[in-house]
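Novice: Pasting the sequence and the predicted coordinates here, then a few questions.
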Amino acid sequence: MSNRLFTMIKSFVIPILAIVILLVVAGYALSGCQGGQTKSIQDRYPLESVAKEGKQESYVYRAANRSVPEVAKELINEREPKQASKEDENQMFLVYSDKIYNLQKDKEKPSDTLIEISNKEFVRQNYQPSFLQGYIMGSILNDIFGSRKSSPGDYRGYNDRQNHKPVIPERPPTKEEKKTPPPIMKEGKGSIIKRGDNVDSKSSVGDKGSITEKGSNTTPPPSTGSKGTITKTPGGSSGSDVKPKSSIKTPPKNTSPPKTRVGGSGKITKRR
């Protein structure tokens, strides 16, 4: 009896233990995956400065005890940029479709790297194209600045803000911005619609004389330039009707020779 009871308990306990072990292993695996996920810059580095006005946005983060090439390599591995400038210990640029990273060695604390993330409008208004030519390809600069050869500012990065000030003022971040820094604003695309270019008028109820049916969305054809005549109505009425030239018909003139009849009184009668 005891052997049978032991066998029954064993048959129940072993599957339960196996399930518990599987759950524990799965939990560790999930926690390991979550811990290995790439964190955003806001989560890894503290926000140090903000410059925001109108469409211009720029945020500066501090990577403590990290060199410029180390930070650049880390960012490139996470997301491939359109262009990365030549490796340099003092300053590097990473160009993305919606923002530009300016990595600088901090002059006051050389062991740290300053990561400045700016949208294109900030770059357009604050950086000189001639300065960026040493870091960024000409085709990308043309995309940012267009035909402009200069910008209002002479900015070169947060590290040089004393000698090359930005157009808009920089300030320390607020407590809310430190907790959840706002994302860089992306530039939208728009289109200009010229009024009067093949615009169909919208139909409305009553266009066809019925309160329950809409008129058709057809645009009247353009005028062909044909001429017409104005004819007075019979009876001396003051009203007049405009008729196209093609609709006015006149009897054809009789150009055949007159019919003659020989004999009789010798008269020639004209056919009517």
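Specialist: Done, it's in. Residues are numbered from 1 along each chain as shown.

Novice: quick one, strands of the stretch 51-200 of the chain?
Specialist: Counting by DSSP state E, counting those that start in this stretch, one finds strands in the stretch 51-200 of the chain at the ranges 56-63, 83-84, 91-95, 100-105, 113-118.

Novice: my guess is Pro152 meets Gln125, correct?
Specialist: Yes: counting by C-beta atoms under 8 Å, Pro152 touches Gln125, with 5.8 Å between them. Quick note: C-beta positions are derived from backbone N, CA and C, even for glycine.

Novice: Looking at these two now, which is surrounded by more residues?
Specialist: Set Pro152 next to Gln125 and count neighbours by other C-beta atoms under 10 Å: Gln125 wins out with 19 against 11.

Novice: I'd say that one and Gln56 touch.
Specialist: Yes: using C-beta under 8 Å, Gln125 is in contact with Gln56, at 5.8 Å.

Novice: can you count the residues close to Phe93?
Specialist: Residues near Phe93, counting by other C-beta under 10 Å, number 24.

Novice: Please name the bridge partners of it.
Specialist: Asn102 (DSSP bridges).

Novice: Who are the contact partners of it?
Specialist: Going by C-beta atoms under 8 Å, 6 or more residues apart in numbering, Phe93 touches Gln83, Ala84, Ser85, Ile100, Tyr101, Asn102, Leu103, Leu132, Tyr135, Ile136.

Novice: any idea how far the fifth one is from Ile21?
Specialist: The span separating Tyr101 from Ile21 equals 46 Å under the rule C-beta to C-beta, to the nearest Å.

Novice: for this protein, what spans make up the helices?
Specialist: 2-36, 41-44, 68-78, 120-126, 129-132, 138-145, 175-179 (DSSP state H).

Novice: closest one to Glu108 among those helices?
Specialist: The minimum distance between Glu108 and the helices of the chain falls on helix 68-78, with 15.1 Å, by C-beta to C-beta.

Novice: Would you mark the buried spots in the closest one?
Specialist: Within helix 68-78, the residues scored as buried using 16 or more other C-beta atoms under 10 Å are Val68, Val71, Ala72, Leu75.

Novice: And Tyr101 and Ile21? Which one has more around it.
Specialist: Tyr101 (22 against 10).

Novice: burial of the closest residue to that one other than its chain neighbours, as a residue count?
Specialist: Once flanking residues are discounted, Tyr101 sits nearest to Leu94: 4.0 Å by C-beta to C-beta, 6 or more residues apart in numbering. Each residue near Leu94 was counted by other C-beta under 10 Å, and the total is 24.

Novice: how about Leu94, what does it touch?
Specialist: By C-beta under 8 Å, 6+ apart, the residues touching Leu94 are Ala72, Leu75, Ile76, Pro81, Gln83, Ala84, Ser85, Ile100, Tyr101, Leu103.
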